[in-house]
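# Quick one, what's the 3D model for this:
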Amino acid sequence: MAVIDRIAAFHPEMTEWRRDFHAHPEIGFEEVRTSGIVAEKLESWGIEVHRGFGKTGIMGVIHGRPGNRKIGLRADMDALPMPELNDHLPYKSTYENRMHACGHDGHTTMLLGAARYLAETRNFSGTVHLIFQPAEEGLTGAAEMLRDGLFEKFPCDQVYGIHNAWDLPLGTAAIRPGTVLAAVDYFTITVKGRSSHAAQPHRGLDPLPCAVQIYGALQNLVSRRMDPHDTVVLSIGMFHAGTSQIVIPETVTMSGTIRTLKPATRKAMDELFHQTVNGLCAAHGVELILDYKRSYPPTINTAEEASAFEAAARDVVGDDLIKTDLPSLTAGEDFAYYLEKAPGAFMLLGQVTETHKAVPVHNGHYDFNDDLLPIGASCFARLVEQQLSGA
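Model (predicted):
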């Protein structure tokens, strides 16, 4: 492992930063304390800071030697609205129902480590734009930063991001061109009938039969209407109806998500979904209230930039820990919005060791592995030095 010596030297400080972020998690668009600390550290290292992108986002600018090229490096800062179950950790979350269960505390710290090193050395020609983003967890903070003029004010010729991989060995760098993460859509279906006494259902209009048929029909879309070679996941995570055993409910509400890898598949599922839900509600004579939201697009790495990130990671972790055959994942990432505007790549870095076991993200027992901090920071730094080595 060829971690940059200077970054390795302040690894203990990075660990302190990360654990402080972990103990004080803030959810999307509420990252006031986190972004304040980020801005303070950047300014203390002589880095130009701009606030107010995506409400709580922070932009840092590092100028190297004269050069026209500009690279964007991004880290997400937000936590999740869930309780932490790591009672043994001295830095366990101090906020009720708030937890860094996806490693964004580590992502923020890795980019801070790279920023400190790059500000000290400035061994590159051009400009580095540091994107500290809020609200990745379902709130599309990347899109908000872009709507606030991020790339107009700070254009990027390339943009890169890193996410920890909870199930890969420490330092394993999973990077390849093409679609690496899925498009994410959300839906909430409300089927409205007319309530009545359960002993006289004919006096009302029971929405449950329709809702149950919708549930089954939507699963059949995946198994019977879509090409089995296309990855599609449709999951309903909430299904609510009724308040009493003897009352036919007025409404039934269900909510879920659809994940696809191809734009054409996403479009087809959208059309079939609406056709199915509208048709069944019409057949049952019930009212439909549908909220269907297109969220993250698929995360698609461009070939040249994926190769560049691979080369930088290879210099840090070595040939044996480079993984270029990772299948596309049905998780989503709003980093995809940046990739719609600029070429770039998103890399996964493993964190599993004998003492730091594999615990899934979004789990109350998850914790970021601090041994990954200098590895990720070094990958970012090497990427900049390699890609901005000339004019």
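# Pull the contacting residues for Ala306.
Ala306 makes contact with Ile175, Arg176, Pro177, Gly178, Ala345 under the criterion CB atoms under 8 Å, 6 or more residues apart in numbering. For the C-beta atoms, the positions are set from N, CA and C on the backbone; glycine is no exception.
# centroid residue for this structure?
Glu333 (3.5 Å; CA atoms, centre = their mean).
# So that residue belongs to a strand, correct?
No. Secondary structure of Glu333 (DSSP: H, G, I helix; E, B strand; the rest coil): coil, not part of a strand.
# I'd guessed Ala342 sits against Ile71; true?
No. With contacts defined as CB atoms under 8 Å, Ala342 does not count as touching Ile71, sitting 9.8 Å away.
# Now do the shared contacts for the two.
Cys156, Asp157, Gln158, Val159.
# biggest separation within these, which pair?
Asp157 and Val159 (8.5 Å; CB to CB).
# Compare those two (neighbour count), which wins?
Per other CB atoms under 10 Å, whichever of Asp157 and Val159 has more neighbours is Val159, with 24 against 17.
# in what helix or strand does the more buried one lie?
Per DSSP states H and E, Val159 falls inside strand 158-169.
# For that strand, enumerate the helices and strands it packs against.
For strand 158-169, the packing partners by 3 or more CB pairs under 8 Å, 6 or more residues apart in numbering; DSSP states H and E come out as strand 65-76, helix 104-121, helix 303-317, helix 336-339, strand 344-352, helix 373-387.
# Dump that strand to CSV, restricted to CA.
Output of strand 158-169 as CSV, limited to C-alpha atoms (Å, rounded to 0.1, in the frame of the first residue of the first chain):
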residue,chain,number,x,y,z
GLN,A,158,-13.7,16.1,-15.0
VAL,A,159,-15.5,15.2,-11.7
TYR,A,160,-14.7,12.3,-9.3
GLY,A,161,-16.2,10.8,-6.2
ILE,A,162,-15.5,7.9,-3.8
HIS,A,163,-17.8,5.8,-1.7
ASN,A,164,-16.8,3.2,0.9
ALA,A,165,-17.6,-0.5,0.0
TRP,A,166,-18.7,-2.2,3.2
ASP,A,167,-18.3,-5.7,1.7
LEU,A,168,-14.9,-5.5,0.0
PRO,A,169,-11.4,-6.0,1.6
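# so what strands line up beside it?
Strand 158-169 has the following strand partners under DSSP bridges: strand 65-76 (parallel), strand 344-352 (parallel).
# buried residues in stretch 6-15?
Buried residues in stretch 6-15, counted by 16 or more other CB atoms under 10 Å: Arg6, Ile7, Ala8, Phe10, His11, Met14, Thr15.
# Tell me if I'm right that the third one and Ala377 touch.
What that stands for is Ala8. No. At 9.4 Å, Ala8 and Ala377 do not qualify as touching, with contact defined as CB under 8 Å.
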